[in-house]
Each structure stands twice: as structure tokens, then as C-alpha cells.
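Colleague: Only the shape, not the letters, is given here:
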């Protein structure tokens, strides 16, 4: 009998210890969840408070800032658009070595490099390239150089020029922020009587009812800023860099391709609206609108980047 009684006492103590530890675990878990929720709401409030910085305006007008002479338009119809908004050729000075003594051109048109210029250069240009390209520095190309190349060959549109119907856009590029993505038409899904557009997965989605790139009305494109849970990509992750560039006076360009033609848009504004206030509108002139979710980890607002068609290839 005493052995059985001791067993019951031991069992009771073990049960009480288990319940005590379980209760302590639940309390700690609740405290962690409460602290996490508080931290998230504090972050969300701070993130929403900074969204006004994403509202910006760039240059407007149907032509780039610097005018192009009529003789240039006829004799050089495939001039390129530079970062400053001018229609000109690729700036060779950006390819020169950045040293105190600039190398002079040789009689054959090539630049001769003095020994002093070579000795002043680091053997490994780690500070001059992005960290993502450190494993293959020989193939690294700065975004500014890529933009110069991508913007070659465009002819400016004449004021009032009629625009024909175009094929669906297959690619979209924003060279200055490193956006290079395919484009797919978004389907309309029907779920429990509610109709809505599918979300683009690892690509940019085009609203089929809106204009195609290069047409005379508004073209609307959607893409994820990031998608950590559903894993649908982050094609527009760098879109939030555009307001800062506009505020600093830079021109930012969008290129759309459809397999036959290429069209050049210049961004004119960026605007943040709540997700419930986003409305797709149409315009009489050729415009483009890119939409992505902000702020990070909250995603209850939409960043709308708008631009105007200025040239085609």
C-alpha cells in the first residue's frame, strides 16, 4: 500500500510540474506574440508615415528637354536619348578613365593610357562595382552604361502624330534601376462569385483592357515589390528608387518591347494611394502606369509610376 501511495504522490508532483511549465510556456509565448504584434504595428505606422516621400514629379511635355533641329530629325532619325533627356550619341567621355590627367586620343582614334593612370588604379575594382558582380567583375556593366546602350536608336515622336494599334508588350525595361522583365497578360479569375485579376508571378502583368505599349491611351502594368510568402517574385523591387531620382532632377525612362517595335516613355510622376483608392483611368494621350505594393511588409498602399510616350524604334 505504501508503494502505491508513493507512486500516486510522485505522479501528482509530475503532473503539477507539467502544468506549471505548460502555463509558463503559454505566458511566454503570449508575451512574445504580443511584443511581435506591437513591434509590427509600430513599424507599419512608421512605414506609412514615410510614404509621402514617394510622391514626386519629373519633366512633362511630348518631347525631351533639349530641342532637336529639323535637319537633325531628318538626317539622323535614330538618335539616342541620354540620361539628361537630350537626343544625342553615346557620350564617349563617360568611358574615359577617371584620372587627373585625362588620356589623349591617338592618331588612330584610340585613347593612349599613360603609366601614371595605370599605377593609380587598384588591382581589383571592388569599390567601383556592385557587390553582386564581385564574382565576375570582367563582365560587369554599370546601370548608367546599360541605360545608354538601351536608349540608342529611338526617333522622337512628332507632336500630334497618330499612333497605330500595337501587339501585346512582351518585355519592359527600366535600365536606370535595373528592371528587366517579361510581360504577360493577366487573366480574370472567378472565385465564389467575385471576379478579379490574377496576380503576376515572377513577371510583370498587363491589364488586357488597357492599351498596349506604344498605343494612344493608358497602358497599365502590375508587378510585385516582393513576395516573401507566396514566392511570386520581386520584379518591381527597385521601383521605389524612382521618386528619389525625379526629385534630384534625373530623367528616368521606360522601354517596352513587343517583338516588333520598341517604345520609349519618360516618367513624369510617382504617386502613392491607399489600395482602396486605386482606380485605373484612361487618357487621350499615350501614357504608361506601373503599379506595385508599398510599404514593405505592409503592402496596403500602391505606388503608381506614370510616364508619357516620347519616342519609338
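Modeller: That came through, no problem. Source: prediction; values computed, not measured.

Colleague: going forward, measure contacts and count neighbours with C-alpha atoms only.
Modeller: Will do.

Colleague: all helices for the stretch 101-250 of the chain, in order.
Modeller: Counting by DSSP state H, counting those that start in this stretch, one finds helices in the stretch 101-250 of the chain at the ranges 115-119, 143-150, 242-247.

Colleague: Please identify the deepest-packed of those.
Modeller: Ranked by average neighbour count under the criterion mean count of other C-alpha atoms under 10 Å, the helices of the stretch 101-250 of the chain are headed by helix 242-247 at a mean of 19.

Colleague: what packs against that helix?
Modeller: Using 3 or more C-alpha pairs under 8 Å, 6 or more residues apart in numbering; DSSP states H and E as the contact criterion, the elements in contact with helix 242-247 are strand 56-57, strand 262-274.

Colleague: Those strands into a markdown table, with extra columns for distance to residue 218, mean pLDDT and mean neighbour count?
Modeller: A markdown table is the format used below for the helices and strands packed on helix 242-247 (distance: least, C-alpha to C-alpha, whole Å; pLDDT from 0 to 100; neighbours: other C-alpha atoms under 10 Å):
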| stretch | distance to residue 218 | mean pLDDT | mean neighbour count |
| --- | --- | --- | --- |
| strand 56-57 | 18 | 94 | 18 |
| strand 262-274 | 12 | 97 | 22 |
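
Colleague: how about TSV for these, with distance to residue 161 added?
Modeller: TSV is the format used below for those (distance: least, C-alpha to C-alpha, whole Å):
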stretch	distance to residue 161
strand 56-57	25
strand 262-274	14
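
Colleague: Kindly state which of those strands is positioned closest to residue 221.
Modeller: When those are compared by C-alpha to C-alpha, strand 262-274 sits nearest residue 221, at 13.5 Å.

Colleague: ok, of the helices of the stretch 101-250 of the chain, where does mean pLDDT dip lowest?
Modeller: Considering those one by one, the lowest average pLDDT is found for helix 115-119, at a mean of 60.

Colleague: Show me the one of the helices of the stretch 101-250 of the chain that comes nearest residue 193.
Modeller: That would be helix 242-247 among the helices of the stretch 101-250 of the chain, by C-alpha to C-alpha, at 37.9 Å.

Colleague: The next helix-or-strand element following the closest one to helix 143-150, inter-axis angle?
Modeller: Per DSSP states H and E, helix 242-247 leads on to strand 253-257 as the next helix or strand towards the C-terminus. Between strand 253-257 and helix 143-150, the angle comes out at 50 degrees (axes from the mean of the first three to the mean of the last three C-alpha atoms, to 10 degrees).

Colleague: Sheet partners, orientation included, of strand 253-257?
Modeller: Applying DSSP bridges, strand 253-257 is found paired with strand 171-174 (antiparallel), strand 262-274 (antiparallel).

Colleague: Just put the ones you listed in TSV and tack on distance to residue 282.
Modeller: Shown next, in TSV, are the strands paired with strand 253-257 (distance: least, C-alpha to C-alpha, whole Å):
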stretch	distance to residue 282
strand 171-174	20
strand 262-274	16
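
Colleague: so what's residue 302 scoring on pLDDT?
Modeller: pLDDT, residue 302: 97.

Colleague: on that earlier part again, quick one, which of the strands paired with strand 253-257 is nearest to residue 294?
Modeller: strand 262-274 (8.3 Å).

Colleague: Name the next helix or strand following the closest one along the chain.
Modeller: Proceeding C-terminally, strand 262-274 gives way to strand 287-294 as the next helix or strand, assigned by DSSP H and E.

Colleague: picking that back up, would you turn the helices of the stretch 101-250 of the chain into TSV with distance to residue 197?
Modeller: Shown next, in TSV, are the helices of the stretch 101-250 of the chain (distance: least, C-alpha to C-alpha, whole Å):
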stretch	distance to residue 197
helix 115-119	56
helix 143-150	31
helix 242-247	26
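
Colleague: what's the closest of the ones you listed to residue 19?
Modeller: helix 242-247 (56.1 Å).

Colleague: Name the residues that touch that closest one?
Modeller: Applying C-alpha atoms under 8 Å, 6 or more residues apart in numbering, the external contacts of helix 242-247 come out as 53-58, 177, 251-252, 269-270.

Colleague: run the last query once more with 6 Å
Modeller: Outside of helix 242-247, the residues that reach it under the criterion C-alpha atoms under 6 Å, 6 or more residues apart in numbering are 54, 56, 58.

Colleague: From the residues you listed, pick the one nearest residue 297.
Modeller: After measuring these against residue 297 - C-alpha to C-alpha - the closest member comes out as residue 54, at 16.4 Å.

Colleague: The closest one: neighbour count?
Modeller: Other residues near residue 54 number 22, with proximity taken as other C-alpha atoms under 10 Å.

Colleague: Spit out the contact partners of it.
Modeller: In this structure, residue 54 makes contact with residue 243, judged by C-alpha under 6 Å, 6+ apart.

Colleague: wait, isn't residue 170 in contact with residue 255?
Modeller: No. In this structure residue 170 lies outside contact range of residue 255 using C-alpha atoms under 6 Å: 11.0 Å.

Colleague: what comes up buried for stretch 43-55?
Modeller: 44, 48, 51, 54-55 (16 or more other C-alpha atoms under 10 Å).
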